[in-house]
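*Asks:* need a structure here:
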Amino acid sequence: MCGFAGVVGIKPNLEMLKAMADVIRHRGPDDEGYFLDGNAGLAFRRLSIVDLETGQQPMGNEDGRIQLVFNGEIYDHHLLRATLHRCGHVFSTDHADTEVLVHGWEEWGTDLFQKLNGMMAVAIWDRVEQRLVLARDRYGIKPLYYAPLPNNGLVFASEIKAIHASGLVPREPSPEGIYEYFAFQNIWREQTMFKSIYQLDPGVWLTWQDGKLTRSRYWDITFPRSRRGSLQTLAEEHREILGRVIRRQVAADVPISSYLSGGIDSTAITVAAYQVDPSVNAYSCIFDLGNVGEDAFVDEREFSRLVAKTYQLRRVEHILPQDSLIQCLDDYVWALEDLRMGMGYPVYLIAQRVAQDVKVVLSGTGGDEFHAGYVGRYQSVGLQGLSAPITPKLWDFLRKWVTKQNYQSDTAIAGKPELIYRGILNFLVKPAQAKEVLTPQFLHSANGYDPDQVMTDFLNRCPSSDWRDRVMYGDAKTYLAGLLVLEDKVSMAHSLETRVPLLDNELVDFVLDVPFELLWKDEVGKVLFRESVRPWVPEVIYHKTKMGFGPPDASWYRGRLRPWIESMLTEKHIKEQGIFQPKFVRTVLNEHFTGQRNWAYMIWSLLNFEAWSRKFGFLEII
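*Replies:* Numbering: from 1, shown residues only. Below is the predicted model of the structure:
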């Protein structure tokens, strides 16, 4: 696990490369490396996890034609190494997965990316062809940003702050990116909140040569749904695959740990990892529930304690005080760079605690998107019926979402299923509310950005006509992509590598081939997954409904945090930023503090944006 940066198309110097590497030192405090080649340069910071002695980067092939920097872990690198040995390649390292990429590139070129099972961002420089190739893993587990330069050059890095540290790209906010964040509480496609800086899409490789950029997609989600068998038979097969996945992902030359929230995903992963390696420690984050109201249910301490007791796990319990957000918000948004969904700061703080003990942690992120875990998306009214006229039964279920969406009439969404899907995502600023919520100046600066068109474009790319698959596709391309950015950034801020076993290629490919009827039924999601891991989890965890992981912020905002929130979101500063109508923000705060409405997500996003603006120097956006 590492961080890298680089420049092509201009003549960089070592001072520039070191500045880029230094600002992401947290991604790799163990080692550094640099490569200069005329109009190209690579910088690297290493967090040593595999092949501690001989895995230094940048790494080249025997004649030095290929130079490569890589962030991630390739879990099938032993198999690929054996294949490359048979092809005649000679290795100088014992078991470095980076060298497998070097020789794999020599042997297969861009076909290499389809063969990799792991998490990956990579930059490959060909000194003869003067060609750069950037690539990112299937799901976007590892980040990779790039910025075209006015002189046809290109600067790229694992984090945005490294691009700014080059001195080649000015730090400016992107109105379109900001609008996208407040529309979806997330940022999708290649958009970022910074002007002229883009994030490479998952499953894509990008080539730079002679100032020209070309993209190719090497992988996308498909839905064969061709595997047959009973629930019991397929659950047993799923469990065998998951067992192999865990064995692959606990392999490291340093100790491994696991998050244990008390949900079925983290419980299954922790117990399975402990069975493979009894030295695995579990870490649980719990919340101060003093004077907390109805949102106290988010705390799952009783379940994580039960799991630890049942299996005699070594477990560390980390409690968050009610003012923890005040202490960490600035550091959190600096680490995240691009703001994302949900109250993610507890993940930042538990990662900080885990990093005091180990370098690697297993996470359950990704367990819901491909296993149909978001039950609300798949209610028994049948989203597969959305390709037909909206029935009264379906409309009853969707009406509350349409009301939230604030469309002007029932017919506004008829025949537009992408709008219905958008209605069941976490979103903040609704299309029909934009003029009421956002200032005219900001809307003008966003250049006609259309959130509904963004959603339509995603769903139109889905290769399946089954609406259950289309919802799954949308979740993976949007919601999951945002979660993975957050997971990487907040852990690597503390030099902690997070692995996500439930996104192993073998497991995902299997689930995409299983009939949907075995994934979700009535009000129960993750049917196959539950049956698969039932032997590994306490019965109460098997039956437990999904809760999600987040603090009781709705109560905390009304209590301990209220004076601080009011000092952060002053009317004067809201006016200076020029994005939100001050009257709207005033209404949000008043309604939340008096208990008329739960505005926790909006307040959270406003606080994030306020901290982001200050940390990155954008005190006035418009």
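*Asks:* Test my guess that His318 contacts Ala351.
*Replies:* No. Using C-beta atoms under 8 Å, His318 is not in contact with Ala351, being 10.2 Å away. (C-beta placed from N, C-alpha, C; glycine too.)
*Asks:* higher neighbour count, those two?
*Replies:* Counted by other C-beta atoms under 10 Å, His318 and Ala351 do not tie: Ala351 has more neighbours, with 25 against 14.
*Asks:* and Asp37, how many neighbours?
*Replies:* Asp37 has 15 nearby residues by other C-beta under 10 Å.
*Asks:* give me phi/psi at it?
*Replies:* phi -150, psi 70 (degrees, to the nearest 10).
*Asks:* Where in the chain is the helix or strand with the lowest mean pLDDT?
*Replies:* Scoring the helices and strands of the chain by mean pLDDT, DSSP states H and E places helix 392-405 at the bottom, with a mean of 47.
*Asks:* Let me see the contact set for Arg461.
*Replies:* Neighbouring residues of Arg461 by C-beta atoms under 8 Å, 6 or more residues apart in numbering: Asp220, Tyr473, Lys477.
*Asks:* what about it, distance to Thr214?
*Replies:* Distance of Arg461 to Thr214, given as C-beta to C-beta, to the nearest Å: 19 Å.
*Asks:* before we move on, what about Phe113?
*Replies:* Taken as C-beta to C-beta, the span from Phe113 to Thr214 is 15 Å.
*Asks:* Who has more neighbours out of those two?
*Replies:* Taking other C-beta under 10 Å, Phe113 and Thr214 do not tie; Phe113 has more neighbours (24 against 10).
*Asks:* With adjacent residues omitted, what lies nearest to that one?
*Replies:* Nearest residue to Phe113, sequence neighbours excluded (C-beta to C-beta, 6 or more residues apart in numbering): Tyr218, at 4.6 Å.
*Asks:* Does that neighbour touch Trp205 like I think?
*Replies:* Yes. Counting by C-beta under 8 Å, Tyr218 touches Trp205, with 6.0 Å between them.
*Asks:* who's more crowded, those two?
*Replies:* Trp205 (20 against 17).
*Asks:* May I have the strands that pair with the helix or strand hosting the more buried one, each with its orientation?
*Replies:* Counting by DSSP states H and E, the element that carries Trp205 is strand 204-209. The strands beside strand 204-209 in its sheet (DSSP bridges) come out as strand 131-136 (antiparallel), strand 212-217 (antiparallel).
*Asks:* now those in a markdown table, with distance to Val524 and mean pLDDT?
*Replies:* What follows is those, written out as a markdown table (distance: least, C-beta to C-beta, whole Å; pLDDT from 0 to 100):
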| stretch | distance to Val524 | mean pLDDT |
| --- | --- | --- |
| strand 131-136 | 34 | 98 |
| strand 212-217 | 34 | 97 |
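*Asks:* so of these, which one's packed in deepest?
*Replies:* The highest average neighbour count among the strands paired with strand 204-209, using mean count of other C-beta atoms under 10 Å, belongs to strand 131-136 at a mean of 22.
*Asks:* what residues does it touch?
*Replies:* Outside strand 131-136, the residues touching it (C-beta under 8 Å, 6+ apart) are 6, 8, 40, 110, 113, 120-126, 142-144, 146, 154, 156, 200-209, 218.
*Asks:* Relative to Leu234, how far out is Val527?
*Replies:* For Val527 relative to Leu234 (C-beta to C-beta), the value is 10 Å.
*Asks:* Overlap of the contact sets of the two?
*Replies:* Counting by C-beta under 8 Å, 6+ apart, the shared contacts of Val527 and Leu234 are Leu518.
*Asks:* Look up how far Gly344 lies from the residue nearest to Phe113.
*Replies:* Tyr218 is 29 Å from Gly344, where distance means C-beta to C-beta.
*Asks:* what do you get for Gly6?
*Replies:* Taken as C-beta to C-beta, the span from Gly6 to Gly344 is 28 Å.
*Asks:* between these two, who's got more neighbours?
*Replies:* Shown here are Gly6 and Gly344; by other C-beta under 10 Å, Gly6 has more neighbours (29 against 25).
*Asks:* Pretty sure the more buried one sits in a strand.
*Replies:* Yes. Assessed by DSSP: H, G, I helix; E, B strand; the rest coil, Gly6 belongs to a strand.
*Asks:* Let me see the contact set for Cys2.
*Replies:* With C-beta under 8 Å, 6+ apart, Cys2 has these contacts: Arg27, Gly28, Phe44, Arg45, Arg46, Leu47, Gln57, Val69, Phe70, Asn71, Ser158.
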